[in-house]
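Chemist: Can you look at this prediction? I've put the sequence above it.
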Amino acid sequence: MFTRRAVTTSSLALLAGCATGANGGGSAAPTATGRAAIGAFGIDLASRDMNVKPGDDFFQHMNGTWFANNQIPDDRTTWGTNAILQEKAERDVRVIIEEAALAGGAPGSNAQKIADYYNAYLNQDAIDARGLAPLQPVLAEIAALRTHEQVIRLTSRPDVGISMPVNVYITLDEGNPDRYLTAITHGGLGLPEREYYRRTDGVFPEQRRQYAATIANILTLAGQSDGEATAARILAFETQIAELHWPIADRRERERTYNLRSRAQVRALAPRFPWDAGFEAAGLGNVEEIVVGELSAIGPLAGIVLENAGINVARVHHLALRQRQRQPSATHHRRCELRFLRSHTQRSAATARALEARHLFSEQRSRRSCRRDLRAAPLLG
């Protein structure tokens, strides 16, 4: 119910920056200012199309040559300066992390923490030897769930991070940008958005079949004997959720998604839903003002959670398996396949190249879709 952010390369990079920037506890020496990476002063004038007059089409005038010489990479849904910068930053971060992982550091130092974290992440033999044992405590908690309140308390914990039909997060207050506040939005979908569950044309039926098959594989590898049946129930449940989601166009209307409500008004959206238990488990027990995004959907979605207790627990079990950062090889590859499917379903709506790729669930391609998992293929020898 309540979202979180997993530890990623970026957080390691912050530690790496501290590790490489510190010198015996003192401040880092100033560095010389480098040359601009783009153009002479940070603007790429070579991207302009001088055959187009600025007054006729300013965007084409400024970007035409760049567009003519670049195409969207196969594993991306968009491409541009920001994406290129992010890609370069990720490569730079990888170098910093791997240098720290090779060198190690003094006990308790940031460099030592980076080395331990990253090297443990890449030690697939040790991970395989432990199997799913590290997951057993949370799986046992899921198996012990008996009430709606227990489900909401578990899924609301910041250390669990499972997307539910109703999600709560912290954000800037768009009505008062000088403060942060709690917000509610709808969630609970494994595919990118509601149309992937609703449409019967094109590749969508096959994508849903592949999605259910991947869920079944993950559950089977985790020891469940009824993986296919449970996967079918999870897909049916998420389809119910999708029917209540707002269309993307409606979600982009900012005035419609900013609905400031009191805690009492939120409770009134679904009086039987354990709102207070969720807020308390998330560390938000004292929250009194909440922005509700898709106002007409939140109450019915809360009702779906209450009406589908059994399949909700099964879905939580499946998502707990998916959420772990590193798992035994077979389970990890199935999780990567799921990310690969999400990546290419997003792209399929915009380009025909994804249609050709929809069956390519090879290990190589699934690993590529997992590039954000600390760039799992190591440079370390």
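Modeler: Cool, got the structure.
Chemist: Low-confidence regions, this structure specifically.
Modeler: Low-confidence regions of the chain, defined by pLDDT under 70, span residues 1-34, 36, 39, 312, 318, 321-381.
Chemist: Quick one: residues contacting the closest residue to Arg153 other than its chain neighbours.
Modeler: Leaving aside its sequence neighbours, Arg153 sits nearest to Ala281 (C-beta to C-beta, 6 or more residues apart in numbering; 4.4 Å). All C-beta atoms are positioned from the backbone trio N, CA, C, and that covers glycine. For Ala281, the contacting residues are 2, 152-154, 156-157, by C-beta atoms under 8 Å, 6 or more residues apart in numbering.
Chemist: What about those, which one has the most neighbours?
Modeler: The residue in the contacts of Ala281 with the most neighbours, by other C-beta atoms under 10 Å, is Ile152 (29 neighbours).
Chemist: Over to it. Which of the three states is it?
Modeler: Here Ile152 is helix, with the state taken from DSSP: H, G, I helix; E, B strand; the rest coil.
Chemist: what about Tyr169, helix or strand, and which?
Modeler: strand 166-172 (DSSP states H and E).
Chemist: Show me what that strand is packed up against.
Modeler: strand 180-186, helix 295-307 (3 or more C-beta pairs under 8 Å, 6 or more residues apart in numbering; DSSP states H and E).
Chemist: Including distance to Ile38, could these go into a markdown table?
Modeler: As requested, the helices and strands packed on strand 166-172 are exported to a markdown table (distance: least, C-beta to C-beta, whole Å):
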| stretch | distance to Ile38 |
| --- | --- |
| strand 180-186 | 34 |
| helix 295-307 | 43 |
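Chemist: any chance of the ones you listed in CSV, plus distance to Leu85 and mean neighbour count?
Modeler: Shown next, in CSV, are the helices and strands packed on strand 166-172 (distance: least, C-beta to C-beta, whole Å; neighbours: other C-beta atoms under 10 Å):
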stretch, distance to Leu85, mean neighbour count
strand 180-186, 27, 20
helix 295-307, 35, 19
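Chemist: Out of the ones you listed, which gets nearest to Ile234?
Modeler: Relative to Ile234, the nearest member of those by C-beta to C-beta is helix 295-307, separated by 13.2 Å.
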